[in-house]
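Peer 1: Predicted coordinates and the sequence they were generated for:
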Amino acid sequence: MEQQTAEDPILVVGAGISGLSAAYTLSQAGANVVVVDSRSRAGGVMETTTLDGCLVEGGPDSYLSQKPWATALVRKLGLEQELIGSNDDRRKTFIVRDQQLVPMPDGLLMMVPTKILPMVGTRLLSWPTKLRMGLELLRRKPAKPRDGDVSVAAFFRDHYGQEAVDYLAEPLLAGVYGGDPERMSAPSVLGRFVELENKHGSLSLGVLRERKAAATTHAPTPIFRSLRQGMGSFAEALVRAIGPQHLRLGQSVLALEPQRGGYHVSFADGASLQASQVILALPAYAAASLLESMHPLSAKLLGQVPYHSSATVALTFDLAQFQRPPEGFGFLVPQRERQTLVAATYVQNKFPHRTPEGKVLLRCFVGRAAEANPGLRDDSSLVDAVLADLRRLIGLVAQPRHCAVFRWPRAMAQYEVGHAALVRELRRQVSAIPGLHLAGNAFEGIGIPDCVRVGTQCAEAALGKRS
Ligand SMILES: Cc1cc2nc3c(=O)[nH]c(=O)nc-3n(C[C@H](O)[C@H](O)[C@H](O)COP(=O)(O)OP(=O)(O)OC[C@H]3O[C@@H](n4cnc5c(N)ncnc54)[C@H](O)[C@@H]3O)c2cc1C
């Protein structure tokens, strides 16, 4: 009979960035750790490959440098010299309006305007919206914070009107969450802006005041960071540090059963393992199915976090086939424009060393909440739909040299209205299950830095450093 001993490993289920961050922290502390993933490679949605001499990111291509946790982990791994920033000199983003690319006005912090002249001059918004944006500066600090949760759309509509939701908030957030602003929770997705509202009333004024206060203390940093060899090399470095012998890839966890002070873990291939503790670093629905018989209430709460599917399509071209070199980092396509594309990045401008001289690499992002799940289209019709959009929107005439499709079914957690309360209750319930921890992108942040932070915190809890 299996006995729990001091040697029983801590099991991390899921080898995406959340699980690898947890496993790294455990292994650095000298704990016995086993990481399991149903995929045959580590990294989860972080996947880097090459296509036509270009370095292609199938999933995330970078992370926000403002959040420190991913950079801190890269440094611990000794990869500081591999860190690169986005080429912000060429940072210009366009938004599609009436099937034309319109430059995003200068001075926007996400969707909050902070400069008057660029807003006055932009073709992106109508005069009534511009006027409304100007008047927003006069908005007073509220007597008390808003009661309860509010959707992103309702929040921004209240400040800047519907057109600002349609042509700023929705496209900017769709590239991150693929979600519907009418359903997404403002405090969970854009907590900083809700705080600014509480503190200053006007969001524009709040951003300006905070920027002024921070101006003297911050050296300029690139907006996005990545690794020279791509985000996949982050996962590879973590695997090397953890020790590849501690990973079991291509193995799905089927069931968890509390046993002898730990967990009896059953795998899809019939194998089993006795673990002292378990960190579930999985999409919420996958964690829910493992907790269903052990803790039905937690499973039910986990099942309430919705997920969207997305896909990226990488296309390479010869620059010579373009009349003019593509400008800026790329463009965003509002839902109102009814295209397949959600966004496209010109990789040769954002991360120039990822493409050889004379090549164009277009990275197209597909899959909006209200649109067909990309899984419903085969690869060639998905590429055709993307190319048709590119012909319409940027006048593409060139034929792609190569293309690659990366599908991410149910990978993007959606933080809908009520999310914070749901997560609070879930954390409360799970804290009562001994030796079980929840990491992943479903709770306190979907971006890579937050996944690193939450994964690390779970490991610290497993080591007894954190409650
Ligand atoms: C296309 C795309 C682009 C993105 N772009 C960015 C970006 O530019 N910047 C940014 O910061 N964030 C970005 N994100 C978000 C970010 O990449 C993800 O939120 C984050 O990587 C999720 O990591 P994770 O480890 O929590 O989950 P995942 O990477 O999804 O890993 C979960 C793992 O669990 C495994 N698994 C599931 N069930 C089981 C089971 N029963 N047994 C064993 N294993 C199982 C899966 O195989 C998977 O490998 C993007 C996401 C996508 C999909």
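Peer 2: On my side now, so go ahead.

Peer 1: any low-confidence regions in this protein?
Peer 2: Applying pLDDT under 70 to the chain picks out residues 1-6, 215-220, 368-376, 465-467.

Peer 1: mind listing what the residue nearest the centre of the chain touches?
Peer 2: Most central in the chain under C-alpha atoms, centre = their mean is Gly447, positioned 3.6 Å from the mean C-alpha point. Taking C-beta atoms under 8 Å, 6 or more residues apart in numbering, we find Gly447 in contact with Tyr63, Leu64, Lys67, Val176. Backbone N, C-alpha and C define where each C-beta goes, glycine included.

Peer 1: How much space separates it from Thr71?
Peer 2: Gly447 is 12 Å from Thr71, where distance means C-beta to C-beta, to the nearest Å.

Peer 1: Check Ala164 too.
Peer 2: Distance from Ala164 to Thr71, by C-beta to C-beta: 32 Å.

Peer 1: Can you pick out the residue with more neighbours from the two?
Peer 2: Ranked by neighbour count (other C-beta atoms under 10 Å), Ala164 and Thr71 place Ala164 first, with 23 against 18.

Peer 1: So the more buried one lies in a helix, does it not?
Peer 2: Yes: counting by DSSP: H, G, I helix; E, B strand; the rest coil, Ala164 falls inside a helix.

Peer 1: The chain should start at 32 in everything you say after this.
Peer 2: Done: numbering now begins at 32, and the last item shifts to Ala195.

Peer 1: ok, which residues in the stretch 382-498 of the chain are in contact with the ligand?
Peer 2: Trp439, Ala442, Met443, Gly471, Asn472, Ile477, Gly478, Ile479, Cys482 (C-beta under 6 Å from any ligand atom).

Peer 1: ok, 8 Å please
Peer 2: 396, 437, 439, 442-444, 470-473, 477-482, 486 (C-beta under 8 Å from any ligand atom).

Peer 1: Nearest to the ligand among the contacts of Gly478?
Peer 2: Proximity of the contacts of Gly478 to the ligand (C-beta to the nearest ligand atom) peaks at Tyr94, which lies at 3.9 Å.

Peer 1: So which residues of the stretch 82-231 of the chain form strands?
Peer 2: 85-88, 94-95, 114-116, 124-128, 131-134, 139-140, 143-144 (DSSP state E, counting those that start in this stretch).

Peer 1: among those, which is the most enclosed?
Peer 2: Most buried of the strands of the stretch 82-231 of the chain by mean neighbour count (mean count of other C-beta atoms under 10 Å) is strand 143-144; its value is a mean of 26.

Peer 1: and that strand, what does it pack onto?
Peer 2: The helices and strands touching strand 143-144, judged by 3 or more C-beta pairs under 8 Å, 6 or more residues apart in numbering; DSSP states H and E, are helix 234-245.

Peer 1: what comes up buried for the helix it packs on?
Peer 2: Within helix 234-245, the residues that count as buried by 16 or more other C-beta atoms under 10 Å are Leu234, Ser235, Leu236, Gly237, Val238, Leu239, Glu241.

Peer 1: dump the residue contacts of the second one.
Peer 2: Shown in contact with Ser235 (C-beta under 8 Å, 6+ apart): Val143, Pro144, Thr145, Met164, Glu167, Leu168.

Peer 1: how about the residues you listed in TSV, adding distance to the ligand?
Peer 2: TSV is the format used below for the contacts of Ser235 (distance: C-beta to the nearest ligand atom, whole Å):
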residue	distance to the ligand
Val143	20
Pro144	24
Thr145	24
Met164	28
Glu167	29
Leu168	31
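
Peer 1: And these, which is closest to Lys331?
Peer 2: Relative to Lys331, the closest of the contacts of Ser235 is Val143; by C-beta to C-beta it sits at 36.8 Å.

Peer 1: farthest pair in the contacts of Gly478?
Peer 2: Lys98 and Val207 (12.9 Å).

Peer 1: For burial, what's the neighbour tally of Glu475?
Peer 2: 18.

Peer 1: Let me fix that, I meant to ask about Glu38.
Peer 2: A count of neighbours around Glu38, defined by other C-beta under 10 Å, yields 9.

Peer 1: cool, and Val483?
Peer 2: Neighbours of Val483 under the rule other C-beta under 10 Å: 30.

Peer 1: can you check the one 3 residues further on too?
Peer 2: Gly486 has 29 neighbours, counted by other C-beta under 10 Å.

Peer 1: Ok, Gly109 next?
Peer 2: Around Gly109 there are 10 residues (other C-beta under 10 Å).

Peer 1: Relative to the ligand, how far out is it?
Peer 2: 22 Å (C-beta to the nearest ligand atom, to the nearest Å).

Peer 1: Pull the contacting residues for that residue.
Peer 2: Contacts of Gly109 (C-beta under 8 Å, 6+ apart): none.

Peer 1: how many neighbours does Val428 have?
Peer 2: 10.

Peer 1: make that Arg223, sorry
Peer 2: 15.

Peer 1: One more: Leu278?
Peer 2: Neighbour count for Leu278, taken as other C-beta under 10 Å: 22.

Peer 1: which residues sit in contact with it?
Peer 2: Ala46, Val65, Val66, Val67, Asp68, Ala73, Val270.

Peer 1: when you check the ligand, which of these turn up near it?
Peer 2: Okay, of the contacts of Leu278 touching the ligand (C-beta under 8 Å from any ligand atom), that's Ala46, Val67, Asp68, Ala73.
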